[in-house]
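>>> need a structure here:
(one chain, ligands or ions: 1)
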Amino acid sequence: MKIKNYINGELVTPFSDSYIDNFNPSVGEIYGQIPNSNNKDVEEAYQSAKKAFPAWSTTTLANRSKILSNIARLIEQKLDVLAEAEAKDNGKPLSLAKAIDIPRASSNFQFFADAITQFSSEAHESVGLGVMNFTLRQPIGVVGCISPWNLPLYLFTWKIAPAIAAGNCVVAKPSEVTPMTAYLLSEICIEAGLPKGVLNIVHGLGGTTGQAIVAHPNIKAISFTGGTKTGAHIASVAAPMFKKLSLELGGKNPNIIFADCNYDDMLATTVRSSFANQGQICLCGSRIFVEKSIYKKFKKDFILKVSELKVGNPFDANTNIGALVSKEHLQKVTSYIDIAEQEGAKILFGGKKVEVKGSENGYYLQPTIIEVNDNQCKLNQEEIFGPIVTIMPFSSEEEALQLANDVVYGLSATLWTNNLQRTMQFSKLLQTGIVWVNTWLLRDLRTPFGGTKASGVGREGGFEALRFFTEPKNICIKYE
Ligand code: NAD
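The predicted structure follows:
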């Protein structure tokens, strides 16, 4: 299957007529081709977005909201097709794509369809001077949205929906590793009546297509989710051009477990927060720190629970853990199992590739638990982004906090305790953008989402996203 770019409301082939192979990771075979777009395709996409901007930015909020709702409804209607495409493209269990990825993509559009009708700005009266200030929030113009492969449609729409709700026109690029549902979204946008050029989707490699978007002189803002190294490169290109930047980057999130927590709830959630989506969620808790008094018990129970997880083909209804996204990524992840051996860490469970019957060439790896004794080891300092977690005991609150913060990343943290004072203290002192207490991945789309330190700059979600995608202008009126 050859997919196409979506430019000026039409599905088009790339100028170069050159294509990239698209793999199905669950069987390790090529099953399609995607456009290998270049500067010319990005320029065409930019021109179409520029042409669409005057009309779209002055379309009433009610109309914009209606079109976004149409897109949300169509995603919901096509749940099965989209979930199957996502599972095939990414390797994630079909059940997960059906329960999380696709419903969330629909919610993203519905949420911003509603949010834009409630978005407002501030007024400041300079009392006694006869002066009124108000803040005019205008769309930026043409903006770029670039997303990764782990939650393909979920994260792609998380950027596009607020950008177009706020009145911008968009040039977007999904990951070349998982382009399929972005392509299906182009078809949905046409069906939903999105005016031509409001959204343009250009497929291709990061270093060429992505780079062309970031370096384009008239694409005024970039919303990027992906690796920290790529984010740093994008910042180095975009910052001297004074572009607005939102960077959602890598993580190495701590999961801190105190003895006073609700144990069963913690155990079940920790299995999920470690291995959901094959551990390929930026918010997965990959460093597990457990209070000494329950460490032995936790270790035994955790290994038992994890050993019950079934690694299998994403389309098998019993599968808990599907395939990793690509051969290269499987190699990267398994290299950390070698590193564990070199660093003298102890593999408590897993660590081996899995041959799935009927899918022998797929990229499968056992969920892996590694016991480490030093937070400074590579396993605890570098983002692995796969089904590998480390565990380590701690003796005091001070030590737990020190271990949690002792890393370059700062995306999220999970805390398990029933002590209110500790909850408040940790919530303030953990150096992350999100702290979950006695839960994980519970999301309210109105909340600010993003990381600190090497996990990024800026916040997505709710009005934060609408603020990012608008430029505030101070209007100062002297009326006396
Ligand atoms: P990546 O950085 O390799 O690629 C992300 C996107 O950037 C892709 O579309 C890619 O084609 C594009 N890209 C690559 N080089 C580029 C360049 N020079 N210019 C412009 N675009 C370029 O990341 P990935 O491997 O796809 O995704 C995994 C990473 O994403 C992990 O580090 C993970 O933690 C992170 N992530 C972060 C969040 C978050 O919200 N903070 C969410 C999901 C994933």
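>>> just say helix, strand or coil for Gly32.
At Gly32, secondary structure determined by DSSP: H, G, I helix; E, B strand; the rest coil is strand.
>>> find the closest residue to the ligand in the stretch 51-200 of the chain.
Minimum separation of the stretch 51-200 of the chain from the ligand (Cβ to the nearest ligand atom) falls at Pro148, amounting to 3.1 Å. Any C-beta I mention is one placed from the backbone N, CA and C, and that applies to glycine too.
>>> pLDDT score for that residue?
For Pro148, the model assigns a pLDDT of 98.
>>> try Gly458
Confidence at Gly458, expressed as pLDDT, is 97.
>>> before we move on, what about the one 10 residues further on?
According to the predicted model, the pLDDT of Phe468 comes to 98.
>>> for Met1, same thing?
pLDDT at Met1 comes out at 88.
>>> give the contact list for Ile3.
Neighbour list for Ile3: Asn22, Gly32, Gln33, Ile34, Pro35, Pro179, Met180, Tyr183, His203 [criterion: Cβ atoms under 8 Å, 6 or more residues apart in numbering].
>>> so where do the strands sit in the stretch 51-200 of the chain?
123-126, 131-139, 142-146, 169-173, 199-201 (DSSP state E, counting those that start in this stretch).
>>> can I get the fourth one in PDB, CA atoms only?
Listed next in PDB are the C-alpha coordinates belonging to strand 169-173 (Å, rounded to 0.1, in the frame of the first residue of the first chain):
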ATOM      1  CA  CYS A 169      -3.100  26.500   9.400                       C
ATOM      2  CA  VAL A 170      -0.700  23.600   9.800                       C
ATOM      3  CA  VAL A 171       2.000  21.700   8.100                       C
ATOM      4  CA  ALA A 172       2.400  18.400  10.000                       C
ATOM      5  CA  LYS A 173       4.600  15.400   9.900                       C
END
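>>> related to what we said a few turns ago, JSON lines for the contacts of Ile3, including pLDDT and distance to Gly312?
Formatted as JSON lines, those follow (pLDDT from 0 to 100; distance: Cβ to Cβ, whole Å):
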{"residue": "Asn22", "pLDDT": "98", "distance to Gly312": "22"}
{"residue": "Gly32", "pLDDT": "97", "distance to Gly312": "23"}
{"residue": "Gln33", "pLDDT": "98", "distance to Gly312": "27"}
{"residue": "Ile34", "pLDDT": "98", "distance to Gly312": "27"}
{"residue": "Pro35", "pLDDT": "98", "distance to Gly312": "32"}
{"residue": "Pro179", "pLDDT": "98", "distance to Gly312": "25"}
{"residue": "Met180", "pLDDT": "98", "distance to Gly312": "21"}
{"residue": "Tyr183", "pLDDT": "98", "distance to Gly312": "27"}
{"residue": "His203", "pLDDT": "98", "distance to Gly312": "30"}
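>>> for these, give me a markdown table that also has distance to the ligand and neighbour count.
Listed next are these as a markdown table, based on distance: Cβ to the nearest ligand atom, whole Å; neighbours: other Cβ atoms under 10 Å:
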| residue | distance to the ligand | neighbour count |
| --- | --- | --- |
| Asn22 | 13 | 21 |
| Gly32 | 17 | 18 |
| Gln33 | 16 | 16 |
| Ile34 | 11 | 26 |
| Pro35 | 13 | 27 |
| Pro179 | 9 | 26 |
| Met180 | 14 | 24 |
| Tyr183 | 14 | 22 |
| His203 | 10 | 28 |
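>>> now for those residues: which two are most distant?
The largest distance within the contacts of Ile3, taken as Cβ to Cβ, falls between Pro35 and Met180 and amounts to 12.7 Å.
>>> how close does the residue of the stretch 51-200 of the chain closest to the ligand get to Leu324?
Going from Pro148 to Leu324 by Cβ to Cβ, to the nearest Å gives 14 Å.
>>> quick one: terminal-to-terminal distance for stretch 386-403?
One end of stretch 386-403 sits 21 Å from the other (Cα to Cα, to the nearest Å).
>>> can you confirm whether it lies near the ligand?
No. On the criterion Cβ under 6 Å from any ligand atom, stretch 386-403 is out of touch with the ligand, staying 10.5 Å away.
>>> for the stretch 301-450 of the chain, which segments count as strands?
346-349, 368-371, 388-394, 409-410, 412-416, 434-437.
>>> in JSON lines: those, plus mean pLDDT.
Output for the strands of the stretch 301-450 of the chain, formatted as JSON lines (pLDDT from 0 to 100):
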{"stretch": "strand 346-349", "mean pLDDT": "98"}
{"stretch": "strand 368-371", "mean pLDDT": "98"}
{"stretch": "strand 388-394", "mean pLDDT": "98"}
{"stretch": "strand 409-410", "mean pLDDT": "98"}
{"stretch": "strand 412-416", "mean pLDDT": "98"}
{"stretch": "strand 434-437", "mean pLDDT": "98"}
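>>> between these, which gets nearest to Ala163?
Within these, the stretch nearest Ala163 is strand 434-437; the backing value is 22.1 Å (Cβ to Cβ).
>>> any chance of the strands of the stretch 51-200 of the chain in TSV, plus mean neighbour count and distance to Leu247?
Rendered in TSV, the data for those read as follows (neighbours: other Cβ atoms under 10 Å; distance: least, Cβ to Cβ, whole Å):
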stretch	mean neighbour count	distance to Leu247
strand 123-126	11	30
strand 131-139	15	21
strand 142-146	28	10
strand 169-173	28	15
strand 199-201	28	21
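>>> report the contact partners of Cys476.
Val131, Met132, Asn133.
>>> pretty sure it is in a helix, no?
No. Counting by three-state DSSP, Cys476 is not found in a helix; it is strand.
>>> re the thing from before, same list (the strands of the stretch 51-200 of the chain) but as JSON lines, adding distance to the ligand.
Formatted as JSON lines, the strands of the stretch 51-200 of the chain follow (distance: least, Cβ to the nearest ligand atom, whole Å):
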{"stretch": "strand 123-126", "distance to the ligand": "33"}
{"stretch": "strand 131-139", "distance to the ligand": "22"}
{"stretch": "strand 142-146", "distance to the ligand": "5"}
{"stretch": "strand 169-173", "distance to the ligand": "5"}
{"stretch": "strand 199-201", "distance to the ligand": "12"}
